[in-house]
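K.L.:
predicted model and sequence below, questions to follow.
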Amino acid sequence: MTVAYATLLILLLGLAALIALALRDRHSDRAEWRRLAALQPRDPPRFDPAMIADQPEPVRRFLGHAIRPGTPLWSVSEIDMTGRFSLGSKDDPRYQPMEARQILAAPEGFVWAMRTTGGLPVSGSDSGSWTRFRIFGLIPVARLGGNPDHTRSAFGRYVAEALVWSPAALLPGPGVTWEATGPDRARVTVRHGGLEQSVEARIDAKGQPVEIAFQRWSDANPDKTHRLQPFGAYVSDFREVGGFRLPFHVEAGNMFATPDYFPFFIADVTAIRFPQAGAQAS
């Protein structure tokens, strides 16, 4: 066997391994998507303002605006989006155009599948169990998860996003409590599976949650050490979808409301759906 032949064989074997890994990841993405979609209630109750009558005024204002009376309380959402995703830092954001789709099923989990549509071809997914991204669809550039730090960080993300895109999942009840933290602020705390996350929203006069903020467990800092640090988002462009009033524009980032804040995620929603049980990822 010549050196050239051996080198070619090694390259082909490496390529085959990368393809197999990508296919396995795609399969797990689809399996988790199906699992979460199946959590959608088959015949949910309909929203009645009496459900929140005992809550503080900012909480009633928010939930009463977010959910019209009589709306079926679908707690699982699918969101399609386009926008920009930073592959850099505040000083050098290197924003890339992207498109993504997500299933959100708080407090159980989420899957966010993204691909850039210009510049460096990056694609992959986030979930409660993993962060996996590749360039050219094959070469891993991030492969994280399967540990308590990742699980805790992801839980913070999808609880906060539930406040944005699936408010029915955050109605007061077992594991979900609300409090007013000011005349225009409300805080929800979600407890599930040994995890706990509080998220605060600034509520405008209409009841729109125009600003979301929380302490997220994260290693997005110079020390690369997991710790609680500010994370948040500005949301706008509210539209009605199936009886819910939801924001279609989001700008989010680390170190929210500090001089170090910069929005690494800027998205415009193109569609929101409430899948029926048994829906599958495409």
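P.N.:
Perfect, thanks for sending it.

K.L.:
could you use CA atoms for every contact and neighbour count after this?
P.N.:
Will do.

K.L.:
pull the longest strand from the protein.
P.N.:
The single longest strand within the chain, with elements called by DSSP state E, is strand 227-241.

K.L.:
so what does it touch, helix or strand wise?
P.N.:
Applying 3 or more Cα pairs under 8 Å, 6 or more residues apart in numbering; DSSP states H and E, we find strand 227-241 packed against strand 209-218, strand 244-254.

K.L.:
packing partners of the first one?
P.N.:
It refers to strand 209-218. So strand 209-218, by 3+ Cα pairs under 8 Å, 6+ apart, packs with helix 148-165, strand 195-203, strand 227-241.

K.L.:
just the C-alphas of it, formatted as PDB.
P.N.:
Taking C-alpha atoms only, strand 209-218 is exported to PDB below (Å, rounded to 0.1, in the frame of the first residue of the first chain):
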ATOM      1  CA  PRO A 209     -43.500  42.200  27.700                       C
ATOM      2  CA  VAL A 210     -41.200  44.600  26.000                       C
ATOM      3  CA  GLU A 211     -38.100  43.600  27.900                       C
ATOM      4  CA  ILE A 212     -37.100  40.100  29.300                       C
ATOM      5  CA  ALA A 213     -34.200  39.700  31.800                       C
ATOM      6  CA  PHE A 214     -32.900  36.900  34.000                       C
ATOM      7  CA  GLN A 215     -29.800  35.600  35.700                       C
ATOM      8  CA  ARG A 216     -28.500  32.800  33.400                       C
ATOM      9  CA  TRP A 217     -26.100  30.000  34.300                       C
ATOM     10  CA  SER A 218     -23.400  30.600  31.700                       C
END
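
K.L.:
neighbouring strands - and their directions - for it?
P.N.:
Strand pairing for strand 209-218, determined by DSSP bridges: strand 195-203 (antiparallel), strand 227-241 (antiparallel).

K.L.:
what's in contact with it?
P.N.:
Residues outside strand 209-218 that contact it (Cα atoms under 8 Å, 6 or more residues apart in numbering): 62, 149, 152-153, 156-157, 160, 164, 198-204, 225-236, 256.
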